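Participant: Got a predicted model here, sequence first, then my questions.
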Amino acid sequence: MRPRTRLAALGGIVLAATVVAGVVIARTGTDSQDAAPLYLDAAQPVEDRVADLLGRMTLADKIGQMTQAERVRVAGDPGKVTEWRLGSVLSGGGSVPDPNNAQAWVDMIRSLQRAALATPLKIPLLYGVDAVHGHNNAHGATVFPHNVGLGAGRDPKLVEQVYRATAVEMRATGARWNFAPCVCVSRDERWGRTFETFGEDPTLVARLGGAAVDGLQGDGVVATVKHYAGDGDTEYGTGDSGYAIDQGVTVTSRADFDRVDLAPYVSAIGEHGAQSVMPSFSSVDWTEDGAGNPVKMHASEELITGKLKGEIGFEGFVITDWEGIHQLPSTDPADTPEPTPSQVRAGVSAGIDMFMEPHTAPRFQELLKAEVDAGRVSTARIDDAVKRILTVKFGLGLFENPYPTLGELGTAEHRTLARTAAAKSQVLLKNSGELLPLRADAKIYVAGRNADDIGNQSGGWTIDWEGRNGDIIPGDTILEGIRKVAPKASVTYSADATAPIGGSDIGVVVVGETPYAEGFGDVGSTPWQQGTEQQKEPKSLTLQPGDKAVVDKVCDAVAECVVLLVSGRPQVITDQLGKIDALVASWLPGSEGTGVADVLFGREPFTGRLPLSWPSSAAQVPVNVGDAKYQPLFPYGWGLRTRVAPDARDAAQQKAATGRAPDGWQQKLADAQLAEESGDTAKAASLRKQVAG
């Protein structure tokens, strides 16, 4: 709905009727008690509307705006939205209406919005989701490659298009707030969230993260840059909640923190106008004052109020992660339920504006009111938080158009885009004898558990929080893509390679990881125990025994062998590399396996480049460009190309691929990639020439 104004002369006084949130409100040109409030007048400046509304709000109204509850707590009883005066509702991973389709989403959000508009001041709510690679909670939505694959594609325009398409499909269901993109910098491949990052270099992450923000907010969805800050840089063994590395401690100097961990946020906010920021579960431990006294990010007034809102100039609002303040140290008695009063006080005082309290919203509100009443939290801090939230809501047009309009999920246009993104994300690591691209009429033996499993190739955050393997979403598996792209090829398929291999000229083995998310994906953490049997296997940087056996069996039996690694991070395969003729990092390509097949058969060129250094052994991890001793198997920026005219970069990589490059070639090629990305093409060319000779 758009605000409609009708002017009429009545008794010498100009009157207007404005339709706002479906309610007709009489407005006079006087300051009478019957006048419609200024904040409902869309013609007024946002700043004035916010000030007017803020002045009318009770403490209960304000605390309500600072509270976000999970849909499972309110969808069955929308009256709780009215009672609690909620500012926001979210769907956690896997939390969806039944049936899980666009109409059910719209109906649910409409009912919750009606309840929000039944509050005295008729403040609409903002609905949030984790749409981290497409609107991945909604069945039928287009599922794009995860960010690590987009990082390999290194195409800001493509990233913007992907996130714009995500915004379109979110709005088709009524969700206007995305807890994405993740602009963390991944510095340890053992981290279970590596696939959510664009890479290990802050410059690359900043460029692509900014494009993602532009895509979302350019189509009317609030972007959230997360997890502020340093969660990709935590030290192994410091993890919280029983994890090996996730939610751990970043031990660093302030200068290095600014350079590595903070830089993408500065860009996303200062250059792209990100409207929301989510703190990390992790902690920071400054080396300036000696290691051993880490501070949880959710409690860091220095980094949230001082750095983010002060120095960086962030004007949007800060939202906690899931029950984020529940992890803060508490000074209350040990048996005090969470959140405790001291946790609430610490989070608000640090500068957090909205609190994701999925199942404890009423308790949070009660505690915060008590803190304000007791003077331990200032009304100025409350007003600042609410002002930030309202500013975003007014800017989004929610007061004029609170109700969603049903749209379409998984359009042909978006699936074509996802196919292109999948193709551009493929990184060709090895290509002996120029085996790839394959002939369209080749006799191919396809094997491996990830060849025909769309759940595995989509990864975590797909329908469920942890994802799941199997036929869970519409789309094409890699095997189906091969059959569609090369219909004249003779294809034999056997997941475990038990079918006879004789008669096939080329083996295509598709192996790698099974779905996981967050700390359950950490190497060394206890895996997710509520998932499928595949998901319960220990997480590793090397292939599972069954995968290794399939690679050995097929590659030993065929004349030429291609291995595709479907994974959220590098998989160490050095010991089998000698028998593999062509090796591809396929990452997690999403719903369109045809994109993978496109590059295999040359319909599209291989152009992807590594966003993460590829270790030669698990013991070498973590390995990052810039390390004093940098000797990965494949350096940052590595990626052989097909169907293109060779250039200096190709010549340097060919020299390295044949074992004829000088010592230190990995550092030179990685530095060349960094130079190219920073615009120093002369330096990039010089370094590549040193390798090529």
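Facilitator: On my side now, so go ahead. Being a predicted model, the structure only gives us computed values, none of them experimental. Numbering: from 1, shown residues only.
Participant: Without its sequence neighbours, what residue ends up closest to L436?
Facilitator: In space, and not counting its chain neighbours, L436 is closest to A582: 4.9 Å by C-beta to C-beta, 6 or more residues apart in numbering. The way it works is simple: take the backbone N, C-alpha and C, and place the C-beta from them, glycine included.
Participant: Retrieve the pLDDT associated with that neighbour.
Facilitator: For A582, the pLDDT comes out at 98.
Participant: Distance of it relative to S342?
Facilitator: 58 Å (C-beta to C-beta, to the nearest Å).
Participant: do T492 as well
Facilitator: Distance, T492 to S342, by C-beta to C-beta: 64 Å.
Participant: what's the answer for S267, then?
Facilitator: According to C-beta to C-beta, S267 and S342 sit 35 Å apart.
Participant: and these two? which has more neighbours close in?
Facilitator: S267 (21 against 18; other C-beta atoms under 10 Å).
Participant: host element of that one?
Facilitator: helix 263-270 (DSSP states H and E).
Participant: Identify the spatial nearest neighbour of R259, chain neighbours not counted.
Facilitator: Leaving out its chain neighbours, the residue that sits closest to R259 by C-beta to C-beta, 6+ apart is P202, at 7.0 Å.
Participant: actually A370, sorry about that
Facilitator: Spatial nearest neighbour of A370, excluding adjacent residues (C-beta to C-beta, 6+ apart): P341 at 6.9 Å.
Participant: how much space between the one you found and T477?
Facilitator: Applying C-beta to C-beta, the value for P341 to T477 is 52 Å.
Participant: Those two: who's more crowded?
Facilitator: T477 (24 against 18).
Participant: What segments of the stretch 51-200 of the chain are helices?
Facilitator: Along the stretch 51-200 of the chain, the segments classed as helices by DSSP state H, counting those that start in this stretch run 59-65, 71-74, 79-84, 102-116, 147-153, 156-171.
Participant: Quick check: which of those is nearest to D441?
Facilitator: Nearest to D441 among these is helix 147-153 (29.0 Å), distances taken as C-beta to C-beta.
Participant: Counting by contacts, list what the closest one packs against.
Facilitator: Applying 3 or more C-beta pairs under 8 Å, 6 or more residues apart in numbering; DSSP states H and E, one finds that helix 147-153 contacts helix 156-171, helix 202-217, helix 412-425, strand 582-587.
Participant: Take the ones you listed and lay them out in CSV including distance to A597.
Facilitator: Formatted as CSV, those follow (distance: least, C-beta to C-beta, whole Å):
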stretch, distance to A597
helix 156-171, 19
helix 202-217, 25
helix 412-425, 9
strand 582-587, 11
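Participant: Check the residue nearest to A370 and give its pLDDT.
Facilitator: Listed pLDDT for P341 reads 98.
Participant: The one 3 residues further on now?
Facilitator: The per-residue pLDDT reported for V344 equals 98.
Participant: hmm, back to that, which strands and helices sit next to the helix holding S267?
Facilitator: By 3+ C-beta pairs under 8 Å, 6+ apart, helix 263-270 packs against helix 202-217, strand 222-228.
Participant: would you turn those into a markdown table with mean neighbour count?
Facilitator: Listed next are the helices and strands packed on helix 263-270 as a markdown table, based on neighbours: other C-beta atoms under 10 Å:
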| stretch | mean neighbour count |
| --- | --- |
| helix 202-217 | 25 |
| strand 222-228 | 27 |
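Participant: circling back to that earlier point, nearest to D680, out of the helices and strands packed on helix 147-153?
Facilitator: helix 202-217 (11.5 Å).
Participant: chain center to the closest one, what's the gap?
Facilitator: Helix 202-217 sits 11 Å away from the centroid of its parent chain (C-alpha atoms, centre = their mean, to the nearest Å).
Participant: That helix vs helix 156-171, what angle?
Facilitator: 40 degrees (axes from the mean of the first three to the mean of the last three C-alpha atoms, to 10 degrees).
Participant: Give the rounded mean pLDDT of helix 202-217.
Facilitator: Helix 202-217 comes out at a mean pLDDT of 98.
Participant: and the direction of it versus that of helix 263-270, what angle?
Facilitator: Using the same axes, to 10 degrees, helix 202-217 lies at 30 degrees relative to helix 263-270.
Participant: just the helices of the stretch 51-200 of the chain: most buried one?
Facilitator: Comparing the helices of the stretch 51-200 of the chain on average neighbours per residue, with mean count of other C-beta atoms under 10 Å, the densest one is helix 147-153 at a mean of 29.
Participant: Can I get that helix as PDB, trimmed to CA atoms?
Facilitator: The C-alpha trace of helix 147-153 is given here as PDB (Å, rounded to 0.1, in the frame of the first residue of the first chain):
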ATOM      1  CA  ASN A 147      30.400 -17.200  -0.400                       C
ATOM      2  CA  VAL A 148      33.700 -19.100  -0.600                       C
ATOM      3  CA  GLY A 149      32.700 -20.100  -4.200                       C
ATOM      4  CA  LEU A 150      31.700 -16.500  -5.000                       C
ATOM      5  CA  GLY A 151      35.100 -15.500  -3.600                       C
ATOM      6  CA  ALA A 152      36.700 -17.800  -6.200                       C
ATOM      7  CA  GLY A 153      34.700 -16.100  -8.900                       C
END
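Participant: can you pull the contacts of the residue positioned nearest the centre of the chain?
Facilitator: Geometric centre of the chain, nearest residue: V132, 3.7 Å, by C-alpha atoms, centre = their mean. Residues near V132 by C-beta atoms under 8 Å, 6 or more residues apart in numbering: H146, N147, F179, A180, P181, C182, E196, W461.
Participant: Reformat the residues you listed as JSON lines; add pLDDT.
Facilitator: As requested, the contacts of V132 are exported to JSON lines (pLDDT from 0 to 100):
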{"residue": "H146", "pLDDT": "99"}
{"residue": "N147", "pLDDT": "99"}
{"residue": "F179", "pLDDT": "98"}
{"residue": "A180", "pLDDT": "98"}
{"residue": "P181", "pLDDT": "98"}
{"residue": "C182", "pLDDT": "98"}
{"residue": "E196", "pLDDT": "98"}
{"residue": "W461", "pLDDT": "98"}
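Participant: Just those: which are in strands?
Facilitator: Within the contacts of V132, no residue falls in strands by DSSP state E.
Participant: about what we covered before: and L640, which of the helices and strands packed on helix 147-153 is closest to it?
Facilitator: Closest to L640 of the helices and strands packed on helix 147-153 is strand 582-587 (C-beta to C-beta; 9.2 Å).
Participant: Contacts for the helix or strand following the closest one, please.
Facilitator: Once the chain leaves strand 582-587, the next helix or strand it forms, by DSSP H and E, is helix 594-600. Contacting residues not belonging to helix 594-600 are listed as 418-423, 425-426, 428, 436-438, 476, 478, 480-482, 484-486, 508, 562, 564, 584, 586, 589, 603-606, 642 [C-beta under 8 Å, 6+ apart].
Participant: List buried residues within the residues you listed.
Facilitator: Buried by 16 or more other C-beta atoms under 10 Å: 418-423, 425-426, 428, 436-438, 476, 478, 480-482, 485-486, 508, 562, 564, 584, 586, 589, 603-606, 642, out of the contacts of helix 594-600.
Participant: that older thread, okay, the helices and strands packed on helix 263-270 in a markdown table with distance to E533 next?
Facilitator: Shown next, in a markdown table, are those (distance: least, C-beta to C-beta, whole Å):
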| stretch | distance to E533 |
| --- | --- |
| helix 202-217 | 34 |
| strand 222-228 | 30 |
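Participant: So which of these is nearest P329?
Facilitator: For those, proximity to P329 was assessed by C-beta to C-beta; strand 222-228 is nearest, at 19.1 Å.
Participant: could you pull out the helices for the stretch 201-350 of the chain?
Facilitator: Assigned by DSSP H, counting those that start in this stretch, the stretch 201-350 of the chain shows helices spanning 202-217, 254-256, 263-270, 301, 341-350.
Participant: Relative to L406, which of those helices is closest?
Facilitator: Nearest of those (C-beta to C-beta): helix 202-217, 20.1 Å.
Participant: next one: the longest helix along the chain to chain centre, how far?
Facilitator: Assignment by DSSP state H gives helix 379-396 as the longest helix of the chain. For helix 379-396, the separation from the chain centroid amounts to 25 Å (computed by C-alpha atoms, centre = their mean).
Participant: Report the buried residues of that helix.
Facilitator: Across helix 379-396, burial judged by 16+ other C-beta under 10 Å covers 381-382, 385-394, 396.
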